[in-house]
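1. any chance you could fold what I've pasted below:
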Amino acid sequence: MTTPHPAPEPGLLLRLTGPLQSWGLHSHFNERDTASFPTRSGVIGMLASALGRHRDQPIGDLTTLHLTVRTDRPGVLLRDLHTVGGGLPGKATVTTAEGKKRPGDTGTLLTHRYYLADAAFTLALTTPQPTSDTQALLDRCANALRNPQWPLHLGRRSCPPEGPLLLGQSDDALHHLIHLPLAAPPPRKKAAESAPVDFLADRPLTFLPAPAPTTSKTHEDGTHASGQLNDQPVSYHPSQRAYRARPLYRRTLHLPHAQFAGLGVQQLTALGRYLDTRLHTPEGSRR
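-> This is a model prediction of the structure:
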């Protein structure tokens with residue numbers, strides 16, 4: 001029996017790349033970690049920032065969007081050492097959990113902050129059941145990403161995005177997520193015609209419209225959750241910040257070598273060519 005092709009899903013396509021990214025998951029006090037990919041809480045927070053929403057404003061409409069991540073370059077894990085509160089008089093040192101000030105000999109705190117260096121991801125934010133309301137939400141988010149109310153960052157304020165962030169808006173965003181040029185050099189093994197690329201999502205990846213040659217039985221197929229993350233935001237309120245757990249699905253597709261567009265100007269040129277000929281057209285986008 002032939003597997004039915006998934007129905008097209010409208011959505012936004014984003015490119016998240018820069019010298020540093022940091023998508024915290026379990027950060028606690030002096031240890032600030034990062035996930036190996038953009039989290040739902042981080043991406044939805046970026047949308048809220050672009051829209052100019054304050055931390056105490058609702059985000060229920062944004063959390064209805066589904067997130068699918070393509071890992072173009074996983075990057076390298078970087079640990080940065082910070083010192084806080086050193087060389088200050090006692091009354092100006094870091095406040096303790098009890099609300100007191102630290103004495104001079106313990107006033108300097110060491111913190112470790114983790115980043116992804118030179119990573120690149122392509123994202124699709126989609127809605128599987130399009131309505132006039134969800135289409136209006138996608139339009140508002142697209143306009144906000146083009147003209148953000150507040151500066152955008154890749155997880156932390158010290159991590160600004162590089163180059164174009166919003167690639168476009170499409171009625172079949174997941175198709176383009178698979179076919180957009182990859183921000184990565186071609187694999188060294190030239191004998192093979194393709195190389196594995198990881199996709200991650202918040203729902204089973206059976207909905208991904210993957211061409212038959214890209215699938216493989218030797219890798220994860222995204223049918224079952226591979227884990228769980230506590231990154232579904234409920235509220236960003238400074239004193240009532242809350243998240244829920246959600247499943248994480250992974251799928252590996254073998255994409256053709258020709259899709260690996262290299263780095264820098266070479267990749268941006270290939271990306272621009274794709275956008276002009278395949279996405280920013282009546283066939284590829286509603287615009």
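
2. least trustworthy helix or strand in the chain by mean pLDDT?
-> Least confident element among the helices and strands of the chain, by mean pLDDT, DSSP states H and E: strand 31-32 (a mean of 78).

3. next helix or strand past it?
-> Using DSSP states H and E, the helix or strand that follows strand 31-32 in sequence is helix 40-51.

4. give me the helices and strands touching that next one, please.
-> Counting contacts by 3 or more Cβ pairs under 8 Å, 6 or more residues apart in numbering; DSSP states H and E, helix 40-51 packs against strand 120-126, helix 132-146, strand 227-235. For every residue, glycine as well, the C-beta is placed using N, CA and C.

5. can we see that at 7 Å?
-> helix 132-146, strand 227-235 (3 or more Cβ pairs under 7 Å, 6 or more residues apart in numbering; DSSP states H and E).

6. report the buried residues of stretch 42-52.
-> Using 16 or more other Cβ atoms under 10 Å as the test for burial, stretch 42-52 gives 42-51.

7. so what's the residue count around residue 7?
-> Neighbours of residue 7 under the rule other Cβ atoms under 10 Å: 12.

8. now the stretch 101-250 of the chain, which segments are flagged as low pLDDT?
-> Counting by pLDDT under 70, the ranges of the stretch 101-250 of the chain that qualify are 102-107, 189-192, 216-219.

9. and the gap between residue 13 and residue 68?
-> Look at residue 13 and residue 68: by Cβ to Cβ, to the nearest Å, they are 10 Å apart.

10. what residues are shared contacts of those two?
-> 124, 177 (Cβ atoms under 7 Å, 6 or more residues apart in numbering).

11. got the phi/psi numbers for residue 241?
-> Note on residue 241: backbone dihedrals following degrees, to the nearest 10 are phi -70, psi 130.

12. wait, it touches residue 234, no?
-> No: taking contacts as Cβ atoms under 7 Å, residue 241 lies outside contact range of residue 234: 8.4 Å.

13. now do the helices in the protein.
-> 40-51, 132-146, 173-179, 264-274 (DSSP state H).

14. between the ones you listed, which gets nearest to residue 72?
-> Ranking the helices of the chain by proximity to residue 72 (Cβ to Cβ) places helix 264-274 first, at 8.9 Å.

15. please identify the buried residues of that closest one?
-> Quick answer for helix 264-274 (16+ other Cβ under 10 Å): 267-268, 270-271, 274.

16. quick one, what contacts the residue most central in space within the chain?
-> Closest residue to the average C-alpha location of the chain: residue 38 at 3.3 Å, with Cα atoms, centre = their mean. Taking Cβ under 7 Å, 6+ apart as the criterion, residue 38 is in contact with 16, 23, 69, 121, 123.

17. hang on, the earlier thing: out of the helices and strands packed on helix 40-51, which gets nearest to residue 77?
-> Comparing the helices and strands packed on helix 40-51 by Cβ to Cβ, strand 227-235 comes nearest, at 17.6 Å.

18. what's the angle between that closest one and helix 40-51?
-> Strand 227-235 runs at 30 degrees relative to helix 40-51, counting by axes from the mean of the first three to the mean of the last three Cα atoms, to 10 degrees.

19. now the helices of the chain in JSON lines, with distance to residue 258?
-> JSON lines is the format used below for the helices of the chain (distance: least, Cβ to Cβ, whole Å):
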{"stretch": "helix 40-51", "distance to residue 258": "29"}
{"stretch": "helix 132-146", "distance to residue 258": "29"}
{"stretch": "helix 173-179", "distance to residue 258": "11"}
{"stretch": "helix 264-274", "distance to residue 258": "10"}
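
20. for the ones you listed, which one sits closest to residue 206?
-> helix 173-179 (11.7 Å).

21. tell me what the closest one is packed against?
-> Helices and strands touching helix 173-179, as assessed by 3+ Cβ pairs under 7 Å, 6+ apart, comprise strand 11-17, strand 66-73, strand 120-126.

22. in a markdown table: these, plus distance to residue 258.
-> Putting these into a markdown table (distance: least, Cβ to Cβ, whole Å) gives the following:
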| stretch | distance to residue 258 |
| --- | --- |
| strand 11-17 | 19 |
| strand 66-73 | 15 |
| strand 120-126 | 16 |
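
23. related to what we said a few turns ago, let me know the closest of the buried residues of stretch 42-52 to residue 33.
-> residue 42 (12.6 Å).

24. the closest one touches residue 155, doesn't it?
-> Yes: contact criterion Cβ under 7 Å: residue 42 and residue 155 qualify, at 4.9 Å.

25. overlap of the contact sets of these two?
-> Shared contacts of residue 42 and residue 155, defined by Cβ under 7 Å, 6+ apart, comprise residue 23.
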